[in-house]
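S.K.: What follows is a predicted structure for the sequence shown.
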Amino acid sequence: MGTINKYNLKGFNGYYFPLFNKTGFMSYVTPTLSGDIKLDYHHYVTEPFSEKDLVNSLFSRNIIFSVDGKSYHLNGNTALQQNDSIDLEVGPLYQIVTRKNKAHQIEITSFIVNDEPIEVHQVVFTNLKKSAVELKVLTASPLYGRSADNLRDHRHVTSLLNRVWVKDHLIQLNPTLSFDERGHKPNDVFYGFHAKSEDLKIEAYYPSLDEFIGNGNLLFPKPRQASNVGDCVEGYEAMGGIQFETVNVLPNASVTLYMGFSASYEDELASLNRFLNKKAFNQAFEASKTYWLDEVSRLQFTYGSASKTALLDMVAIQPILRRFFGNSYMPHHDYGKGGKGWRDLWQDLLSLIMYNDPTVKESLVNNFAGIRIDGSNATIIGSKKGEFKADRNNIVRVWSDHGAWPLITTLMYVHETGDLDFLWINTPYFDDQFTHYTKQTKQNFPKDYVLRVNNQPYQGTIYEHLLLENVVAALNIGEQGFIKLEDADWNDGLDMATKRGETLAFTHFYANNLRMLAEILEVSNQPQITLFKSLAELSLNVHKHANLERFFDDVRQFHGEVVSADTQALIRALKAKAKAMIKHLESFGVHPNGALQSYIDNDGLFLDRKDTLSLTGQAMALLSETVSKKRAARIAIETKKALFDANIGGYKLNSNFNEVKLNMGRAYGFAYGHKENGAVFSHMAVMYAYGLYQYDLVAYGHQAINALMNRAIHKDANMLAGIPEYFTPKGEGKYSYLTGSASWLLKLLRTEVFGIQMHLGTLTLHPKLMKSDFIDGKASIETYLFGQKRRITYHNPKGLSYGKYEIRSIHMNQRLVPNYFVELEGDLEVLLDERY
């Protein structure tokens, strides 16, 4: 984050901020030091929190300061602190809170150390009175040390497993077992609370919550039996309670204390005490900031204003966060199960491609191993390489959009690198009990979930995997000729139209995918391609009367027979099918107002009537470029009229249907304007804006992304940084930091707004910057091109807006160059001037 964000708070506004390192140590923290710390779902250092726990639970990071006999808390929970002034600073994954009143100031700096399993805090108490004060410090942070499941399941029983050791400046928890009635296992994780001060001497340890509270409570404890270094307390809830000796603090003098929370699979927590001193803390703090600034620098913009530029710095971190957090471990996600969904996997890779991440190619190849031979896919991806799961919570579903996303990500990689050979790499398939698009099951399947023929893994090309997903989806047609909705598409809330529901939105997407599969084949110089026989027959007849059920029957017990398919015949078949799908959409998928229909419900009727409209159908059609320019212009007009509200972030997901639509999905049980029922949903809003830019409807697209960004930086949005999953009817951001909209916003700005157009490894510039996008006549992007980070600066000295300018000249290393690049030897300076 190139720019630090600072706030003066009047109270708790729902703010929380992620802390993280790439070893997988995760937490989040609020200005009141609330929030939880964990390794994963089954290994929480502190008690798991959901949204409401942030203000209601006392099981948080805390220190009690007794100042001249009066109690003050690090988290500000006492009555004496309700009028404190609170200054908050957030930077590249750190937080600094300064809590101040007339008598004293408490400053807390918080971050997670690079490559070490510890969250550390520097706490500085400063006496602001004109006389000395008597200070006694008692840390008051409970340890949890087990699975989120145990929060409401065997909470007491699992505390009986606890063994809590007192060590020098450390309280260490090591439960004997990982408690699970399906099979108990020896626990191998150690959890720690650390506290140390160069100004204070430890007086007593309280490793037991019961002994710490005494006959008081966590707000006002009355400690009883203290423990000493070397003691072990068994069978009780663990407590990070360390009492320091009383000291006198002179006027304007300070006392500094360090505390930390850790977890490791090795009994090495005592070694982490090395970060609990001024020198080591500051060195680790600077190293952490440097690391995250480097991550941000992989894609940076100077765009619109200082506040938007700062916003985009955090947006650049969001895809990295979701890559590790998945859709879990943040307050609005509650605890989550870890892992992430199939759709998330591919969209997060969009940003990693832009970041020139060296693991992208391997990740792409590996991800294709999650596709079944019937064209469906594993829905959950684990944290380990090649770890795929059929479902979440034992619910097996088919999302009709899942097959659409891998192609757009793969082609972005191919165009960025020019690596056409990537399409012909072989990789295996996922195999489990489910067949026939998960509608049937089989008894025998491999324990490692890898499809085999004659005991050997069957491998097909990346292109084969892509073709399989898209051809099967394109043939999975409902009674009105559009792709079946199945259990939902992109909108997970549309989950109650499995019998007759259809998605026109993704019919547009798949039609374009078939076109792209044909077009990439045209330039691949492959006269024949190898496909497994059933897929070859299906694909070559995709434009005629291909029998999808027969295909499913054929691959139920896969025999691995392959054939050579004629490339030209396949190209013709794919283009013909795409053309037919687009024609059908134009003939039968138009809304009465001239925009587009999005869905058919479980009664076989269009979801939208004359007075309602859904954004998804408009977004996917424009994104897929399956409508005429005339139709696109009509869509822009009608969609803005029906769904746009700049005050709350821009484009809402749908109109208000004023009913709980049991024939469509749970989304319509939500109050209107929340989540998938008509919220300003950042992901779809950004994809819609992307489509508008592609059709040169730049004024509309610009308005869409600026409404979103302006709301994200508005003080009433309750966003510290970045963009949320959605905005409520009040314009409040929800589900912060973990959202696929971050990757899409970065891709939109890079590709369309700044015009970084890559095609099969060649670069041309086609900027679509509006006048207000420039700061003092300049707009710039730093991004990786041809494997190296380069800056492209657009100069607009005459203050022209898109449509009024053209590229007059491009200079590289002070040398005039044409607008066509196969490599870059330096940064580019681009002059925009009036169009001739």
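M.R.: Happy to help now that I have it. This is a predicted model, so every value here is computed, not measured.
S.K.: As PDB, could you dump the C-alpha coordinates of stretch 365-373?
M.R.: The C-alpha trace of stretch 365-373 is given here as PDB (Å, rounded to 0.1, in the frame of the first residue of the first chain):
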ATOM      1  CA  VAL A 365      -2.000 -26.900 -15.100                       C
ATOM      2  CA  ASN A 366      -2.800 -28.300 -11.600                       C
ATOM      3  CA  ASN A 367      -6.200 -26.700 -11.500                       C
ATOM      4  CA  PHE A 368      -7.400 -28.500 -14.600                       C
ATOM      5  CA  ALA A 369      -7.000 -31.700 -12.600                       C
ATOM      6  CA  GLY A 370     -10.200 -30.800 -10.800                       C
ATOM      7  CA  ILE A 371     -12.300 -31.400 -13.900                       C
ATOM      8  CA  ARG A 372     -14.300 -34.600 -14.100                       C
ATOM      9  CA  ILE A 373     -14.500 -36.600 -17.400                       C
END
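S.K.: Quick one: residues in contact with it.
M.R.: For stretch 365-373, the surrounding residues in contact (C-beta atoms under 8 Å, 6 or more residues apart in numbering) are 342, 345-346, 349, 377-378, 381, 385-386, 388, 406, 425, 427-432, 434-435, 450-451, 458, 462, 465, 468-469, 532, 555, 558. Any C-beta I mention is one placed from the backbone N, CA and C, and that applies to glycine too.
S.K.: what mean pLDDT would you report for that stretch?
M.R.: The average pLDDT within stretch 365-373 is 94.
S.K.: can you give me the offset of it from its chain's centre?
M.R.: Relative to its parent chain, stretch 365-373 has a centroid offset of 21 Å by C-alpha atoms, centre = their mean, to the nearest Å.
S.K.: Distance of the nearest residue to Ala103 once chain neighbours are set aside relative to Ser71?
M.R.: Once flanking residues are discounted, Ala103 sits nearest to Lys129: 5.3 Å by C-beta to C-beta, 6 or more residues apart in numbering. Going from Lys129 to Ser71 by C-beta to C-beta, to the nearest Å gives 17 Å.
S.K.: more neighbours, those two?
M.R.: Ser71 (18 against 15; other C-beta atoms under 10 Å).
S.K.: Now do the same contact list for the more buried one.
M.R.: Shown in contact with Ser71 (C-beta under 8 Å, 6+ apart): Ile64, Phe65, Thr78, Leu80, Phe220.
S.K.: now Arg572
M.R.: With C-beta under 8 Å, 6+ apart, Arg572 has these contacts: His543.
S.K.: what secondary structure does it sit in?
M.R.: helix (DSSP: H, G, I helix; E, B strand; the rest coil).
S.K.: Report the buried members of the contacts of Ser71.
M.R.: Among the contacts of Ser71, the ones that count as buried by 16 or more other C-beta atoms under 10 Å are Ile64, Phe65, Thr78.
S.K.: contacting residues around Ile320?
M.R.: Ile320 neighbours (C-beta under 8 Å, 6+ apart): Glu295, Ser351.
S.K.: So what does it have for phi and psi?
M.R.: Here is the backbone geometry of Ile320 (degrees, to the nearest 10): phi -70, psi -40.
S.K.: How about Leu785?
M.R.: Dihedral angles of Leu785 (phi, psi; degrees, to the nearest 10) stand at phi -140, psi 130.
S.K.: hmm, back to that, would you say the residue nearest to Ala103 is within a helix?
M.R.: No. Judged by three-state DSSP, Lys129 forms no part of a helix; its state is coil.
S.K.: Tell me the spacing between it and Lys100.
M.R.: To Lys100, Lys129 is 13 Å away according to C-beta to C-beta.
S.K.: Just the buried residues of the host helix or strand of Thr98, please?
M.R.: Using DSSP states H and E, Thr98 maps to strand 94-100. Buried residues in strand 94-100, counted by 16+ other C-beta under 10 Å: Tyr94, Gln95, Ile96, Val97, Thr98, Arg99.
S.K.: Adjacent strands (with direction) for the helix or strand just after it?
M.R.: Later in the chain than strand 94-100, the nearest helix or strand by DSSP H and E is strand 104-112. Pairing partners of strand 104-112, with direction, according to DSSP bridges: strand 94-100 (antiparallel), strand 118-127 (antiparallel).
S.K.: Tabulate those (TSV), appending mean pLDDT and distance to Phe325.
M.R.: Formatted as TSV, those follow (pLDDT from 0 to 100; distance: least, C-beta to C-beta, whole Å):
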stretch	mean pLDDT	distance to Phe325
strand 94-100	96	17
strand 118-127	98	15
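S.K.: Same list, the ones you listed, but as TSV with distance to Leu745 please.
M.R.: As requested, these are arranged in TSV below (distance: least, C-beta to C-beta, whole Å):
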stretch	distance to Leu745
strand 94-100	23
strand 118-127	29
